[in-house]
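only geometry, no sequence info:
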């Protein structure tokens, strides 16, 4: 059994993410399980750092915004009328929004960031957009990917072919 991180392996990582000042932005309560080898299951810079690592080895990767969740895009912030939303509305709730042209390719998840004066502020940016991040992880498991996982380009959880992780 190969215990080295390599293409077409399923990798399990314990991780946490901080900002450059050491403030925790994701404490990594659940491990990350991803298909290694250019399947876009994890940020490319992290995948590159993990190549060849063994179970028990750790890496720390500094990611600039364009290597992580992208730069903050002010055009993804919208102000809508409060009356257009459910009565039980609170900051942090999420709504799926479609593009103006009606195509189905560019759905965005909008988070409610403010509710005041009959208006609702929606932000389609990822909560970590615009932030530099420090990703620290330890390889906890490596296994060969199944033929189905390789064909589909993602890990199958619990034998469910349709499950994406």
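Great, that's in hand. Because the structure is a prediction, the values reported are computed rather than measured.

what's the lowest-mean-pLDDT helix or strand in the chain in contact with?
Of all helical and strand segments in the chain, the minimum by mean pLDDT, DSSP states H and E falls on strand 94-97, at a mean of 87. For strand 94-97, contacts defined as CB atoms under 8 Å, 6 or more residues apart in numbering pick out 78, 85, 107, 108, 109, 110, 111, 112, 122, 124. C-betas here are computed from N, CA, C, even on glycine.

Could you export those as CSV, including distance to residue 153, neighbour count and secondary structure?
As requested, the contacts of strand 94-97 are exported to CSV (distance: CB to CB, whole Å; neighbours: other CB atoms under 10 Å; DSSP: H, G, I helix; E, B strand; the rest coil):
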residue, distance to residue 153, neighbour count, secondary structure
78, 33, 13, strand
85, 36, 15, coil
107, 20, 12, coil
108, 23, 15, strand
109, 22, 13, strand
110, 27, 21, strand
111, 28, 16, strand
112, 33, 18, strand
122, 31, 21, strand
124, 26, 17, coil
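
and which of the residues you listed is nearest to residue 21?
Comparing these against residue 21 with CB to CB places residue 111 closest, at 23.4 Å.

residues touching the closest one, list them.
By CB under 8 Å, 6+ apart, the residues touching residue 111 are 92, 93, 94, 122, 123, 124, 127.
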